[in-house]
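A.B. asks: predicted model follows, preceded by the sequence.
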2 protein chains.
Amino acid sequence: MMKLPESALICEVGPRDGFQYETKWIPTERKLAVIQRLLEAGVRRIQITSFVHPKWVPQMADAEEICRHLPQRDDVIFSGLALNQKGVERAHAAGLRYIDLSIATHDEHSLANANMTVAEAVRQAEAMVRLAHHYDMQPQLGLQTVFGYRKPGDTPLARVRELARRFVDLGLESFSLADTTGMAHPLRIQEYVQAVQEEIGDTPLVLHLHDTRGLGLANVLAALQCGVRRFDTSVGGLGGCPFIPGATGNIATEDTVYLLEAMGVRTGIDYHKVAELALELETFLGKLLPSRQARLLARQRDLASQAHTA
Amino acid sequence: MMKLPESALICEVGPRDGFQYETKWIPTERKLAVIQRLLEAGVRRIQITSFVHPKWVPQMADAEEICRHLPQRDDVIFSGLALNQKGVERAHAAGLRYIDLSIATHDEHSLANANMTVAEAVRQAEAMVRLAHHYDMQPQLGLQTVFGYRKPGDTPLARVRELARRFVDLGLESFSLADTTGMAHPLRIQEYVQAVQEEIGDTPLVLHLHDTRGLGLANVLAALQCGVRRFDTSVGGLGGCPFIPGATGNIATEDTVYLLEAMGVRTGIDYHKVAELALELETFLGKLLPSRQARLLARQRDLASQAHTA
């Protein structure tokens, strides 16, 4: 029988990776209500916003206001994403103690998204890590498209290893591998994870998976078997491509928690409450989300209401 | 690194388990065209129909006509589902050489679906296996709701083992475990599979998984690690509950094949062709199916068409 960890830490990224693709403005109060509901469901780490210029991501224009109204909770980690030093400054000024940094691993991707080469992005991220330390903030550094950019497996493992070692040597709270394009599969997860674990030692490894090809939870299973205990997820499976709504978001928090808890890997999260929140978000956003637990809950409610009417 | 088999056999069940829930009549020529397209995609085993009374499943009323027009292919296995001896007689008369039998494992389920207890269903299925042998047909026997009926894990493993041994001793082409309710998780898959493997020896084990809770492909991965090499799947993820279209079908053929081929487990199937077929079925049925590869293909086409228009 496969050996799995006893517990896992879920980082909810819906308020950032999910909401950022929504073109409909989500009022700040609603964003805060979502965060509150996630806490009530037992989530203890949330990436709440992104400190990017509102010209690029209008949905994140209320980053500071979100931070001002966060509940005071010693048992919860709230983090924000920053893409440059200005973002780190803003996060610090807003009172956040955890900062998430993220860099591309392909020049084409880096130039398109950040207008700089990977080498330039690395130098900038190093300065951001030092700035975070200066402010006594806990930095996470993530690499994008680790399991494929243009096609599955086109990101050299040697590049991933080198970047992992380089940043972990600077001092990170955690190190994250992102399957931005949903190109990972279980064997590649194991290959890359085991190699990166050799580089980063005791620094916690986080997997940030997208479910573009439906392999998200199979990839979680493969990672668990390597001892990975931290996963980014989003309520409802929010996020991803704006062209086909709901098609390619993060792995859904409620589905991931269901998998983990079913196998005895404790998360402290009530997946049913997260699924209820996902259904409310579907109503607000006016579209279905990819979450299976949300669909199941919706169907159970339909059946109950039919039985009631009959 | 996990050890996986070198190849796997996919049995496409969409024409039976998928179509049977569709209330819109699918013309026989279209069903045959779907079968033809599946063959062109490389599928080599298809459950083409069910020999049930058309009063119960009107969609299967053309079982004999489907059989009459099947392509003559020595390299393909066509099977039909039978729920009683009459069904076996009909399948034999229609010229099928492979017959799939299926019994419930809970009395409540058996009484609701087949109006008999499990003990009665077992005796009937034993007679059906003998009848199949009499006709020189190859029988597969499947157990339903093996990983949970009312709730996950409520099907005693001892009952599953006893039934497995009992039927394998009669002589089966293969033995199937069905997660009818989508309640399996990877650890339970491994527990039940390993126990059943002890009972059935060299008789091939088939897993028939539904993706109700999104764990379908994680369960495939767990089963592969136990050496399971046969899976039932349906094009597009057809099948399941009629209340929320597309919510709880079989694991999708194209998604399963993508997972397997990505990990080097050969299937002989072109998942892209299956995804194209799934999109055509979506258009015909007027609803989205759960397949991720179909969504991805639809999005790629949207983007290509936007680029063309721009």
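C.D. replies: Received the coordinates, thanks. Keep in mind it's a predicted model, so treat the numbers as computed, not measured.
A.B. asks: from here on, contacts and neighbour counts on C-alpha atoms
C.D. replies: Noted.
A.B. asks: show me where the stretch 101-250 of chain A has its helices.
C.D. replies: A:107-114, A:118-134, A:157-170, A:186-200, A:216-225 (DSSP state H, counting those that start in this stretch).
A.B. asks: so the last one versus helix B:186-200, what angle?
C.D. replies: Helix A:216-225 and helix B:186-200 meet at an angle of 80 degrees, taking axes from the mean of the first three to the mean of the last three Cα atoms, to 10 degrees as the criterion.
A.B. asks: helices or strands up against helix A:216-225?
C.D. replies: The helices and strands touching helix A:216-225, judged by 3 or more Cα pairs under 8 Å, 6 or more residues apart in numbering or on different chains; DSSP states H and E, are helix A:186-200, helix B:216-225.
A.B. asks: indicate which one of those is closest to B:Ala307.
C.D. replies: B:Ala307 sits nearest to helix A:186-200 of all those, at 32.2 Å, using Cα to Cα.
A.B. asks: pull the distance from the one helix or strand A:Glu29 maps to to the chain's centre.
C.D. replies: Secondary-structure element containing A:Glu29, defined by DSSP states H and E: helix A:28-40. Once both centres are worked out by Cα atoms, centre = their mean, to the nearest Å, helix A:28-40 turns out to sit 17 Å from its chain's centre.
A.B. asks: what's the local residue count around the residue in the stretch 201-310 of chain A positioned nearest to chain B?
C.D. replies: Among all residues of the stretch 201-310 of chain A, A:Ala218 sits closest to chain B, at 4.0 Å; criterion: Cα to the nearest Cα. Other residues near A:Ala218 come to 27 when the count uses other Cα atoms under 10 Å in any protein chain shown.
A.B. asks: quick one: list the elements packing against the helix holding A:Glu29.
C.D. replies: Based on contacts counted as 3+ Cα pairs under 8 Å, 6+ apart, the elements that helix A:28-40 packs against are helix A:63-68, helix A:271-285.
A.B. asks: picking up where we left off before, so for the residue of the stretch 201-310 of chain A closest to chain B, what's the pLDDT?
C.D. replies: Per-residue confidence for A:Ala218 comes out at a pLDDT of 98.
A.B. asks: what's the spacing between it and B:Ile189?
C.D. replies: Relative to B:Ile189, A:Ala218 is positioned 13 Å away (Cα to Cα, to the nearest Å).
A.B. asks: now swap in A:Ile35 and tell me
C.D. replies: 35 Å.
A.B. asks: do you know how far A:Leu143 is from A:Arg45?
C.D. replies: In this structure, A:Leu143 and A:Arg45 are 19 Å apart, going by Cα to Cα.
A.B. asks: over to A:Met2?
C.D. replies: Taking Cα to Cα as the criterion, A:Met2 is separated from A:Arg45 by 27 Å.
A.B. asks: closest one to B:Tyr21 among the helices and strands packed on helix A:216-225?
C.D. replies: Comparison of the helices and strands packed on helix A:216-225 against B:Tyr21 by Cα to Cα identifies helix B:216-225 as nearest, at 19.7 Å.
A.B. asks: mind listing residues that contact the closest one?
C.D. replies: When contacts are taken as Cα atoms under 8 Å, 6 or more residues apart in numbering or on different chains, the neighbours of helix B:216-225 outside the stretch itself are A:214-215, A:217-219, A:221, B:2-5, B:182, B:184-187, B:189-190, B:193, B:209-210, B:251, B:256, B:259.
A.B. asks: so how do I select the buried members of those in PyMOL?
C.D. replies: What follows is the PyMOL syntax for the buried subset of the contacts of helix B:216-225, where burial is set by 16 or more other Cα atoms under 10 Å in any protein chain shown:
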select buried, (chain A and resi 214+215+217+218+219+221) or (chain B and resi 4+5+182+184+185+186+187+189+190+193+209+210+251+256+259)
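A.B. asks: can you give me the pLDDT of A:Pro242?
C.D. replies: pLDDT recorded at A:Pro242 is 48.
A.B. asks: now do A:Arg159
C.D. replies: pLDDT, A:Arg159: 98.
A.B. asks: report the contact partners of the nearest residue to it once chain neighbours are set aside.
C.D. replies: Once flanking residues are discounted, A:Arg159 sits nearest to A:Thr105: 7.8 Å by Cα to Cα, 6 or more residues apart in numbering or on different chains. Applying Cα under 8 Å, 6+ apart to A:Thr105 gives the contacts A:118, A:143-146, A:155, A:159-160.
A.B. asks: quick one: the residue in the stretch 51-200 of chain A positioned nearest to chain B from A:Pro5, how far?
C.D. replies: With Cα to the nearest Cα, the shortest gap between the stretch 51-200 of chain A and chain B falls at A:Leu187, namely 6.2 Å. Between A:Leu187 and A:Pro5 the computed distance is 19 Å (Cα to Cα).
A.B. asks: same deal with A:Val43?
C.D. replies: From A:Val43 to A:Pro5 the distance is 18 Å (Cα to Cα).
A.B. asks: and chain A, which residues reach chain B?
C.D. replies: Counting by Cα under 8 Å from any Cα of the partner chain, the positions of chain A adjacent to chain B are A:1-2, A:185-187, A:190-191, A:212-215, A:217-219, A:221, A:243-244, A:247, A:255, A:259, A:262-263, A:292-293, A:295-296, A:299, A:302.
A.B. asks: A:Thr256: what's it in contact with?
C.D. replies: Contact analysis of A:Thr256 by Cα under 8 Å, 6+ apart lists A:217, A:233.
A.B. asks: secondary structure element for it?
C.D. replies: Here A:Thr256 sits within helix A:253-262, counting by DSSP H and E.
A.B. asks: tilt between that helix and helix B:186-200?
C.D. replies: Between the axis of helix A:253-262 and that of helix B:186-200 there is an angle of 50 degrees, by the same axes, to 10 degrees.
A.B. asks: go through the helices and strands packed on helix A:28-40 and pick out the most buried.
C.D. replies: By mean neighbour count, with neighbours taken as mean count of other Cα atoms under 10 Å in any protein chain shown, helix A:271-285 ranks first of these at a mean of 19.
A.B. asks: next secondary structure element downstream of that helix?
C.D. replies: Past helix A:271-285, heading to the C-terminal end, the next element that is a helix or strand (DSSP H and E) is helix A:292-309.
A.B. asks: so which elements touch that following helix?
C.D. replies: helix A:253-262, helix A:271-285.
A.B. asks: please save the CA atoms from it in CSV.
C.D. replies: The C-alpha atoms that make up helix A:292-309 are tabulated as CSV, following Å, rounded to 0.1, in the frame of the first residue of the first chain:
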residue,chain,number,x,y,z
ARG,A,292,-17.0,18.1,-8.8
GLN,A,293,-18.1,18.4,-5.2
ALA,A,294,-20.0,21.6,-6.1
ARG,A,295,-21.8,19.7,-8.9
LEU,A,296,-22.6,16.9,-6.6
LEU,A,297,-24.0,19.2,-4.0
ALA,A,298,-26.0,21.0,-6.6
ARG,A,299,-27.5,17.7,-7.7
GLN,A,300,-28.3,16.6,-4.2
ARG,A,301,-30.1,19.9,-3.7
ASP,A,302,-32.0,19.5,-7.0
LEU,A,303,-33.1,16.0,-5.9
ALA,A,304,-34.1,17.2,-2.4
SER,A,305,-36.1,20.0,-3.9
GLN,A,306,-37.8,17.6,-6.4
ALA,A,307,-38.7,15.3,-3.6
HIS,A,308,-40.1,18.2,-1.7
THR,A,309,-42.2,19.4,-4.6
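A.B. asks: what pLDDT, on average, does it get?
C.D. replies: Averaging pLDDT along helix A:292-309 gives 86.
A.B. asks: go on, stretch A:176-187?
C.D. replies: Over the span of stretch A:176-187, the pLDDT mean works out to 96.
A.B. asks: show residues contacting that stretch.
C.D. replies: Contacts for stretch A:176-187 (Cα under 8 Å, 6+ apart): A:140-149, A:151-153, A:205-213, A:215-216, A:218-219, A:221-223, A:248, B:1-2, B:259, B:262-263.
A.B. asks: leaving aside the residues next to it on the chain, what's closest to A:Val118?
C.D. replies: Closest residue to A:Val118 in three dimensions, ignoring its sequence neighbours and counting by Cα to Cα, 6+ apart: A:Asp107, at 5.3 Å.
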